[in-house]
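1. Build the 3D model from these lines:
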Amino acid sequence: MGTLQEKLCAPAVRPQVVSDCARLIDEEVSSKSGFSGLAIKGAFAVVKAVKHGIVPEVVDSMLPNFAEKLEPIYAAWLASPGEALPSYFQKRSGEVAEALLSITDDRSKKSQNATLRKTYEKLRPTGKSHVEQAVPRLGKLLEKHAGTR
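-> Next up, the predicted model:
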């Protein structure tokens, strides 16, 4: 069966996972509206302007860590009967968001790029709610690539 990391980072699967995650991020950013949406879109444009292809590159480098942090939630889903993975993750969206943000928080602290670090720090206070909103799409992505029970 394997761990979530083994499934998502398998050489035959990883490029598609990275591509799908980058698309998920683009779609989530595009879906934002209002003043906070404007700030997020602006910050995302700054990040993408720093280096072409930065989003897939960062996703690829962080994928093993994301999978490791999500493993306990995924393993609990595997051990529970019946519920679909997207629904299971949705019910635990706060826990999923905290797991993922713990990685980006750490990475931001270590970043040598002041622009990226400042941009992240500016958006971080609202980050959890935005990640929680992405959890349904993330659940579907994981179901697609890690399979069902």
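2. which residue ends up closest to the midpoint of this protein in space?
-> Nearest to the mean C-alpha position of the chain, by CA atoms, centre = their mean, lies residue 100 at 6.2 Å.
3. Could you check how far the residue nearest to residue 145 when sequence neighbours are not counted is from residue 142?
-> The spatial neighbour of residue 145 that comes closest, neighbours along the chain excluded (CB to CB, 6 or more residues apart in numbering), is residue 17 at 5.1 Å. For every residue, glycine as well, the C-beta is placed using N, CA and C. Distance, residue 17 to residue 142, using CB to CB, to the nearest Å: 9 Å.
4. what sits in contact with each of these two?
-> When contacts are counted by CB atoms under 8 Å, 6 or more residues apart in numbering, residue 17 and residue 142 are jointly contacted by residue 8.
5. got the CA positions of the helix or strand hosting the residue nearest to residue 145 in CSV?
-> Secondary structure from DSSP states H and E places residue 17 in helix 14-30. Extracted in CSV, the C-alpha atoms of helix 14-30 (Å, rounded to 0.1, in the frame of the first residue of the first chain):
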residue,chain,number,x,y,z
ARG,A,14,5.4,12.9,-9.1
PRO,A,15,5.4,15.1,-12.2
GLN,A,16,1.7,14.9,-12.5
VAL,A,17,1.2,15.6,-8.8
VAL,A,18,3.4,18.7,-9.1
SER,A,19,1.5,19.9,-12.2
ASP,A,20,-1.9,19.4,-10.5
CYS,A,21,-0.8,21.1,-7.3
ALA,A,22,0.5,24.1,-9.3
ARG,A,23,-2.8,24.3,-11.2
LEU,A,24,-4.7,24.0,-7.9
ILE,A,25,-2.7,27.0,-6.5
ASP,A,26,-3.4,29.0,-9.6
GLU,A,27,-7.1,28.2,-9.5
GLU,A,28,-7.3,29.1,-5.8
VAL,A,29,-5.6,32.4,-6.3
SER,A,30,-7.7,33.2,-9.3
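6. Report the buried residues of it.
-> If you call a residue buried by 16 or more other CB atoms under 10 Å, then helix 14-30 has these buried ones: 14, 17-18, 20-22, 24-25, 28-29.
7. Same question for stretch 67-87.
-> Applying a neighbour-count criterion of 16+ other CB under 10 Å, one finds 67, 69-70, 73-74, 77, 85-86 buried in stretch 67-87.
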